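In: after the sequence you'll find the predicted model.
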Amino acid sequence: MEELPREDEFTDFEAFSSVSATAEAGKPLRRFAADELVACEKCSRANAPTRVNCLYCGAPLPVTELSATLRRPALKNLEEWEQGFSVVFVPRGGVEPSPEDISEAASLLRLEAERLAEIVAARRALPLVRAASEEDAALFVGRLGALGIKSEIFSDEILEKQPERVRALALNEDALVCWTSPEEEPRRVGWAEVALLVAGRVVTRRVEVEQRQAKLGSRGRVVDTRELTADESVLDFYAQTGDGFRVMADGFDYSCLGAGKRLLARENFGVLVHALRERAPSAIFDEEYTGLRALLSAAWPPSERTGSGLRRDRPGRLNTESVTTVSNETQFTRYARLRLRLALRARAKES
């Protein structure tokens, strides 16, 4: 087996590996002694005991007595297509974490201590961090639990399942009938089966930048910039089976309101929400999303997508165009799905 590097070979590495565990919390940089380092079983290179995976080959590192208390999960900004695991704060009765524990937990999560204190004080199930792997998420749960902060893991597979977009409804006496498209058969949900209603707003910002390239290989010159913003009310409702449906205020047929139908979509949306709440009194109604967006954004920031293409300026001339779209719709979906999981769990305990 290859020998471990000499101490002078990993001096710089020690500083790099331990900086996240110390400097972020405002503490002096800690260096680890040679006997505190963890040898990778695959490549035999030495790693700081704060690491979960080998810095050199990426293999999982063995757990030592020291590393069990120092290991820090890897954190990175996940791409839109990457699947992650959300670590969600779960409020509980009893002793609240101390300011010192809040500060240490915030350093672990790469959050400001004030923001984490707000999340804890809200006493709502809110995301703390979105990890790249279930192993990293489990490590967060264990480390946070030791600091008196209870949390659970929810995968993107559960939280990002999109509800079906509803274009029209019928408010029958015994059931809610949902039309998702003219070609599909309507879906029926008994009023007693409606478990959750979640209201919020979806804000979408679209920035288009058009550039003209004078010569091949030269930097393009910006010739036009356009910015569009849409702010639309949204309502998700879920059955006890977990089936979800979404109503967007501006793309919905309000004929189901009958004589109660108003002139403006925002007025009709409010009337529709009231009608659904009246007919499904056993369903939980949640309208706190808008007020919690700032706390949600620490772990679930709005999604951002950028694309590019060609735009015809005039016959024979094409400009390049880049389009950046920022939206909180995925964030809202995660929030609503999280509320559903917790609501169904609470209902199961009561029955």
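Out: On my side now, so go ahead. Numbering: from 1, shown residues only.
In: residue contacts, V203?
Out: V203 makes contacts with 229-232, 302, 327-328, as judged by C-beta atoms under 8 Å, 6 or more residues apart in numbering. Every C-beta, even on glycine, is put in place using the N, C-alpha and C of the backbone.
In: could you dump those residues into JSON lines and include neighbour count?
Out: What follows is the contacts of V203, written out as JSON lines (neighbours: other C-beta atoms under 10 Å):
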{"residue": "T229", "neighbour count": "10"}
{"residue": "A230", "neighbour count": "11"}
{"residue": "D231", "neighbour count": "11"}
{"residue": "E232", "neighbour count": "17"}
{"residue": "P302", "neighbour count": "18"}
{"residue": "S327", "neighbour count": "17"}
{"residue": "N328", "neighbour count": "24"}
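In: which of those lies closest to C40?
Out: Within those, the smallest distance to C40 is 37.7 Å, found for P302 (C-beta to C-beta).
In: the contacts of V203 in strands, which ones?
Out: Of the contacts of V203, the ones assigned to strands by DSSP state E are 229-232, 327.
In: for these, which one is nearest A113?
Out: S327 (29.5 Å).
In: check the gap between I119 and L108 for me.
Out: 14 Å (C-beta to C-beta, to the nearest Å).
In: likewise A275?
Out: Applying C-beta to C-beta to A275 and L108 gives a distance of 46 Å.
In: over to D224?
Out: 46 Å.
In: so where is the chain shaky, pLDDT-wise?
Out: 1-30, 213-219, 312-317 (pLDDT under 70).
In: tell me where it has helices.
Out: 11-22, 67-70, 99-109, 113-122, 134-146, 156-159, 265-279, 289-296, 329-350 (DSSP state H).
In: D224 and L108: who's more crowded?
Out: L108 (24 against 13; other C-beta atoms under 10 Å).
In: which one of the ones in strands among the contacts of V203 is nearest E350?
Out: Looking at those and their distance to E350, the nearest is E232, at 34.6 Å (C-beta to C-beta).
In: quick check: bridge partners of V38?
Out: V38 has these beta-bridge partners by DSSP bridges: N47.
In: could you chop this protein up by domain?
Out: Here the domain parsing of the chain from automatic domain parsing is 7-70, 85-159, 164-350.
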